[in-house]
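*Asks:* here is a sequence with its predicted model. Questions after.
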Amino acid sequence: MSIIQKMTDAIAHRGPDAQGIYHKNKVTLGHRRLSIIDTSDAGNQPFIDQMARITIIFNGEIYNYKELKLQLEPEFDFRTATDTEVIIAAYIKWGIDCIHQFIGMFAFALYDENIDELFIVRDRLGIKPVYYSEQNGTFFFASEIRALLASEHVPRKLNIHALADYLRYQTVHAPRTIIDGVHMLMPGHLIHFKDGDYKIIQYWNMNDFACTSSQEDREEVKKKVQDLVQSSVELRMRADVPFGAFLSGGIDSSIIVGSMARASSFPVHTFSITFKEQEFDESPYSKLIAKRFKTEHTEIQLSANDFLKTIPQAIASLDHPSGDGPNTYVVSEATRKEGVKMALSGLGGDEVFCGYDVFKRIYSLEQKKWIAATPKVLRTLAASTLQKFKPGIASEKIAALLKDENPKSALAYALSRQVWMDLSFEKMAFAKDAPNVVKDLFEHLPDSSTRILSKVSLAEMQTYMQNVLLRDTDQMSMKHALEVRVPFLDHRLVEYVLGVDDAIKYPNTPKQLLVESMEGLIPNEIVDRPKMGFTFPWKYWMQNELKDFCKKGLDQLEKLEVFKDFGLNEKWSSFLAGDPTITWSRMWPLVVLGHWIQQNEIHE
């Protein structure tokens with residue numbers, strides 16, 4: 001019992017409202033609650049059904065719980081207004097196949113005492129995390145790695161084989177993690193324990209939905225997208241606590257806020273981070289949307305220096321190292337201080353509706369078959385010339401593509417997301433024959449000449465989105481006990497848009513299908529605005545105010561035997577000297593990794 005208490009204490013920030021522990025047979029479950037729906041004590045967990053047969057611990061939300069409850073009420077006597085109890089009722093009626101009925105983000109463990117079986121389930125898109133480790137016959141699982149480490153049964157050992165992945169992509173792709181022996185349950189999967197053993201089962205695969213076309217014309221597609229977006233937003237507005245929306249003034253957040261305003265009889269509460277420095281400030285756009293939809297708008301003004309001061313705390317809050325994250329930390333902290341426990345976000349809009357430049361680049365490359373047909377000697381000459389006269393990361397990546405034996409889309413896509421090139425760490429022992437996870441994934445995605453864009457969407461969602469954006473959003477928002485909901489990742493919407501052909505989905509203008517589907521919901525000033533985001537002066541900070549902080553992180557890596565051939569000091573010196581191939585975005589993930597290893601007492 002004390003082991004579970006240590007684990008739940010380690011993630012108390014995720015659920016400050018209540019805690020509980022269940023123990024029966026060989027199963028022990030612990031929970032920390034952030035109450036969003038039915039905030040009464042009746043909803044505390046572990047939650048046990050009235051027959052004392054089913055016990056559940058649950059992280060996330062089932063957004064269609066009201067509709068499911070209406071279906072189940074004739075056969076089930078509900079005693080709470082929680083979505084947690086609806087999961088149990090659905091399980092009693094349909095068995096574990098009940099998960100196909102759920103619209104939501106969820107990670108839950110359900111123990112059926114009558115048949116002595118345990119199910120651990122993760123949602124389709126991987127919005128909520130599940131980490132696990134098997135140690136000496138005991139299976140540990142949790143929402144964060146720090147809880148597993150707090151058990152004192154999971155060794156704090158660095159996963160050497162995951163380092164190549166981290167250096168390439170500033171993260172470790174699931175199911176691996178940076179800790180040896182700790183794995184992440186993949187999205188759309190469940191673990192089933194029975195008769196002293198377990199198996200991992202995939203119950204949903206997004207790849208399936210890029211294989212069949214919607215067979216609808218443009219107007220029908222637009223109407224369907226509009227209905228799905230509006231439905232998704234409305235379902236995610238269900239809460240019994242104050243909530244709002246992040247509003248940057250970009251296309252995605254503006255459409256979310258506009259859709260919320262359509263559905264609400266009360267003003268939507270919106271939150272924007274604004275900056276004193278004009279070059280970082282997006283407030284003219286967020287104000288435009290707030291005025292258009294008459295929202296109750298809160299501007300949280302920071303200076304670049306305010307943001308700078310939070311970076312060490314943000315890094316200390318990371319559950320898994322990542323080259324991203326501080327932005328979400330700042331927004332979540334400021335929003336939670338305003339008394340809000342839940343917020344809607346536009347995350348996922350770029351991945352579903354072709355918002356990144358890589359969509360057009362891969363589409364274009366697929367049309368240029370002559371590149372691969374050009375003799376390698378000519379491609380190599382062109383690559384060398386480019387690097388000589390225009391040194392930099394972009395030239396490095398183009399050169400790597402041209403010099404390859406088979407310069408196809410899989411490599412081009414992988415290079416688009418790659419941070420350190422393989423040449424930078426190929427001498428290191430762990431790099432020998434280390435698989436390129438992203439390239440391998442792209443090569444095995446379904447091919448369709450009419451849905452090249454859907455293939456890129458699949459790659460984006462299964463790599464950068466799931467392993468950086470969603471992971472960082474979860475750990476940084478939950479650090480402040482703030483729940484973030486992502487309407488663009490409603491599985492119904494994702495499934496449908498993946499089946500839309502390129503001829504309809506191609507973004508001649510930014511996220512054209514999404515914007516046109518929402519029938520002028522947002523003004524042209526938002527659609528045509530330059531994409532800003534948090535474009536802070538990271539290079540300057542790392543060479544000045546954060547210089548000592550960065551050096552401490554790098555010094556920690558220098559102590560590791562595995563990094564002896566990486567030349568960290570040489571690369572740091574090159575960065576300080578302004579080498580165009582050693583950018584801040586390459587050095588920063590190393591700084592983060594060093595600090596994370598030190599803070600979590602990780603060893604080789």
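*Replies:* Ah, there it is.
*Asks:* residues contacting stretch 497-512, please?
*Replies:* 206, 209-210, 212-214, 218, 221, 225, 251-252, 349-350, 352-355, 359-360, 363, 450-454, 457-458, 513, 515, 527-528, 531 (Cβ atoms under 8 Å, 6 or more residues apart in numbering). (Each C-beta comes from the backbone N, C-alpha and C, glycine too.)
*Asks:* let's see 6 Å
*Replies:* 209-210, 212-214, 218, 221, 251, 352-355, 450-454, 513, 527 (Cβ atoms under 6 Å, 6 or more residues apart in numbering).
*Asks:* go on, stretch 334-348?
*Replies:* Residues contacting stretch 334-348 (Cβ under 6 Å, 6+ apart): 36, 236, 239, 241-246, 252-253, 256, 271, 298, 300, 469, 480, 482-486, 488-489.
*Asks:* for this structure, which helix is longest?
*Replies:* When the chain is parsed with DSSP state H, its longest helix is helix 218-235.
*Asks:* now do that helix: everything it contacts.
*Replies:* Contacting residues not belonging to helix 218-235 are listed as 63, 259-260, 263, 487, 490, 492-493, 500, 504, 516-518 [Cβ under 6 Å, 6+ apart].
*Asks:* ok, and for it, which residues are buried?
*Replies:* 221-222, 224-226, 228-235 (16 or more other Cβ atoms under 10 Å).
*Asks:* kindly reformat the residues you listed as JSON lines containing pLDDT.
*Replies:* JSON lines is the format used below for these (pLDDT from 0 to 100):
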{"residue": "Val221", "pLDDT": "97"}
{"residue": "Lys222", "pLDDT": "97"}
{"residue": "Lys224", "pLDDT": "97"}
{"residue": "Val225", "pLDDT": "98"}
{"residue": "Gln226", "pLDDT": "98"}
{"residue": "Leu228", "pLDDT": "98"}
{"residue": "Val229", "pLDDT": "98"}
{"residue": "Gln230", "pLDDT": "98"}
{"residue": "Ser231", "pLDDT": "98"}
{"residue": "Ser232", "pLDDT": "98"}
{"residue": "Val233", "pLDDT": "98"}
{"residue": "Glu234", "pLDDT": "97"}
{"residue": "Leu235", "pLDDT": "97"}
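*Asks:* which one of those is nearest His153?
*Replies:* For these, the residue nearest His153 by Cβ to Cβ is Leu235; the value is 39.0 Å.
*Asks:* determine which two of the contacts of helix 218-235 are furthest apart.
*Replies:* Using Cβ to Cβ, the contacts of helix 218-235 reach their maximum pairwise distance at Tyr63 and Ile504, which is 27.4 Å.
*Asks:* check contacts around the closest residue to Ile21 other than its chain neighbours.
*Replies:* Leaving aside its chain neighbours, Ile21 sits nearest to Gly30 (4.9 Å; criterion: Cβ to Cβ, 6 or more residues apart in numbering). By Cβ under 6 Å, 6+ apart, the contact list for Gly30 reads 4, 7-8, 21.
*Asks:* in strands only, show me those residues.
*Replies:* Those of those mapping onto strands are Ile21, per DSSP state E.
*Asks:* now rank the contacts of Gly30 by neighbours and give me the top one.
*Replies:* Neighbour counts for these peak at Met7, which has 27 neighbours (criterion: other Cβ atoms under 10 Å).
*Asks:* distance of that residue from Leu158?
*Replies:* 21 Å (Cβ to Cβ, to the nearest Å).
*Asks:* looking at the contacts of stretch 497-512, which are in helices?
*Replies:* 218, 221, 251, 352, 452-454, 513, 527.
*Asks:* taking these, please make a PyMOL selection of just the buried ones.
*Replies:* Buried subset of the ones in helices among the contacts of stretch 497-512, written as a PyMOL selection, criterion 16+ other Cβ under 10 Å:
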select buried, resi 221+251+352+452+453+454+513+527
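*Asks:* now, which of the contacts of Gly30 sits nearest Glu570?
*Replies:* Met7 (41.3 Å).
*Asks:* what about the closest one, distance to Met476?
*Replies:* 20 Å.
*Asks:* now do Arg417
*Replies:* In terms of Cβ to Cβ, Arg417 sits 21 Å off from Met476.
*Asks:* mind checking which of the two has more residues around it?
*Replies:* Comparing Arg417 with Met476 by neighbour count (other Cβ under 10 Å), the higher total belongs to Met476, at 26 against 19.
*Asks:* surely that one meets Val330?
*Replies:* No. Using Cβ atoms under 6 Å, Met476 is not in contact with Val330, being 8.7 Å away.
*Asks:* identify the contacts common to these two.
*Replies:* Shared contacts of Met476 and Val330, defined by Cβ under 6 Å, 6+ apart, are absent.
*Asks:* surely Arg236 meets Val484?
*Replies:* No. Applying Cβ under 6 Å, one finds Arg236 not in contact with Val484, separated by 10.2 Å.
*Asks:* these two: which is more packed in?
*Replies:* Arg236 (25 against 22).
*Asks:* next, the contact list for the more buried one, please.
*Replies:* Contacts of Arg236 (Cβ under 6 Å, 6+ apart): 63, 344, 485, 487.
*Asks:* can I get the residues you listed in TSV with distance to Pro267 and pLDDT?
*Replies:* Below are the contacts of Arg236 laid out as TSV (distance: Cβ to Cβ, whole Å; pLDDT from 0 to 100):
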residue	distance to Pro267	pLDDT
Tyr63	22	97
Leu344	15	97
Arg485	19	97
Pro487	19	98
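*Asks:* of the contacts of stretch 334-348, grab the buried ones for PyMOL.
*Replies:* Here is the PyMOL selection string for the buried members of these, based on 16+ other Cβ under 10 Å:
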select buried, resi 36+236+239+243+244+245+246+252+253+256+271+298+300+469+480+482+483+484+485+486+488+489
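*Asks:* give me the subset of the contacts of stretch 334-348 lying in helices.
*Replies:* Using DSSP H, the contacts of stretch 334-348 in helices are 252-253, 256.
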